[in-house]
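Engineer: coordinates only, no sequence provided:
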């Protein structure tokens, strides 16, 4: 819906009189009246889909035939280049040539107020720092850009810099959950636009996933190893391990008529919730269900009393229900 609104806005602005608001381009026969870059990041954050919509206007008196060129990332994978019809007709695929970062196609632009619109869609890899670069160098673009729009779809923070690394102080005209829209309505004040987000690299995400997996494995193995070590020490005639917070085997044989669930009580500190994201909630739910299964096995083996089993299992069941409620609200 947002993309359709943007395209309608582009068309309306393109049909506006050229002289109004843009006197510096009045002497130019060919101009790029509107340039829209719609940038959408994928889930993993290592690739983005860029959709560029370019509106050409011929202010002269004769047809203008030339190569129209844009700059894209050298590692970008072009999906299609098409000419957009102003009516209900489908887009027309355009034959293009590419030389490194420069992508060109031949076209004839008729004179008059009716603009000619082209669309370019490509996938581009994102660096580990989460940076997307758009080259708007006039030496490549051939024609001046009157108005430039950047629509970024991401849940992360956005920082804009130019080709020299200087921060671009541009407030979005629309700042919303899941992205922002930036508009430069009177020319482009930079040759390169660097879009930086707080996207994490795949390597960082795998490290986080690995830490979470280790925590879950440690949570599941800790009670088993602890009880087994105590049984081995008891068989060898040694003293049991004991601590103030662990009541599975306190070492007080007179008062320890049956084992209690101290080790299981410590699971709350081991299973930690990193964020409230859906994926993390699902991981925690699976971990809790695994703990409940292990708790039941320990109850059947006599390592946990019936009273402690009811108390601890009730606590974890409530946590599981709360997580499922949160997931239902997402």
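Structural biologist: Right, received. Where do you want to start? All figures in this text were calculated on a predicted structure; none of them were measured in a lab.
Engineer: so where do the strands sit in this structure?
Structural biologist: In the chain, the strands defined using DSSP state E lie at 30-41, 47-58, 64-71, 77-84, 92-93, 97-99, 102-109, 116-125, 131-135, 145-153, 158-161, 174-176, 179-184, 192-197.
Engineer: give me the domain ranges for the chain.
Structural biologist: Residue ranges of the domains in the chain are recorded as 2-18+29-197, 202-329, according to automatic domain parsing.
Engineer: weakest of these in terms of mean pLDDT?
Structural biologist: For the domains of the chain, mean pLDDT drops lowest on domain 202-329, to a mean of 65.
Engineer: out of the strands of the chain, nearest to residue 280?
Structural biologist: With CB to CB as the criterion, residue 280 lies closest to strand 30-41 of the strands of the chain, at 19.3 Å. Any C-beta I mention is one placed from the backbone N, CA and C, and that applies to glycine too.
Engineer: pull up the pairing partners for that closest one, direction included.
Structural biologist: For strand 30-41, the paired strands and their directions (DSSP bridges) are strand 47-58 (antiparallel), strand 145-153 (parallel).
Engineer: distance to residue 93 and mean neighbour count added to the ones you listed, as a markdown table?
Structural biologist: Putting the strands paired with strand 30-41 into a markdown table (distance: least, CB to CB, whole Å; neighbours: other CB atoms under 10 Å) gives the following:
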| stretch | distance to residue 93 | mean neighbour count |
| --- | --- | --- |
| strand 47-58 | 15 | 20 |
| strand 145-153 | 24 | 21 |
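Engineer: same list, those, but as TSV with distance to residue 324 please.
Structural biologist: TSV is the format used below for the strands paired with strand 30-41 (distance: least, CB to CB, whole Å):
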stretch	distance to residue 324
strand 47-58	32
strand 145-153	29
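Engineer: among those, which is nearest residue 300?
Structural biologist: With respect to residue 300, and counting by CB to CB, the nearest of the strands paired with strand 30-41 is strand 47-58 at 49.0 Å.
Engineer: ok, the nearest residue to residue 299 once chain neighbours are set aside to residue 218 distance?
Structural biologist: Distances taken as CB to CB, 6 or more residues apart in numbering put residue 309 closest to residue 299, at 4.2 Å, once the chain neighbours are dropped. Using CB to CB, to the nearest Å, we find residue 309 at a distance of 22 Å from residue 218.
Engineer: and the two? which has more neighbours close in?
Structural biologist: residue 309 (19 against 12; other CB atoms under 10 Å).
Engineer: dump the residue contacts of the more buried one.
Structural biologist: Shown here is residue 309, whose contacts under the criterion CB atoms under 8 Å, 6 or more residues apart in numbering are 261, 295, 296, 298, 299.
Engineer: most widely separated two among these?
Structural biologist: Put simply, by CB to CB the two of the contacts of residue 309 set farthest apart are 261 and 296, 12.3 Å from each other.
Engineer: more crowded one of the two?
Structural biologist: More neighbours sit around residue 261 than around the other of residue 261 and residue 296, counting by other CB under 10 Å; the figures are 24 against 13.
Engineer: the residue nearest to residue 77 when sequence neighbours are not counted bridge partners, please.
Structural biologist: Excluding the flanking residues, the one nearest residue 77 by CB to CB, 6+ apart is residue 123, at 4.7 Å. When assigned by DSSP bridges, residue 123 has beta-bridge partners residue 49, residue 77.
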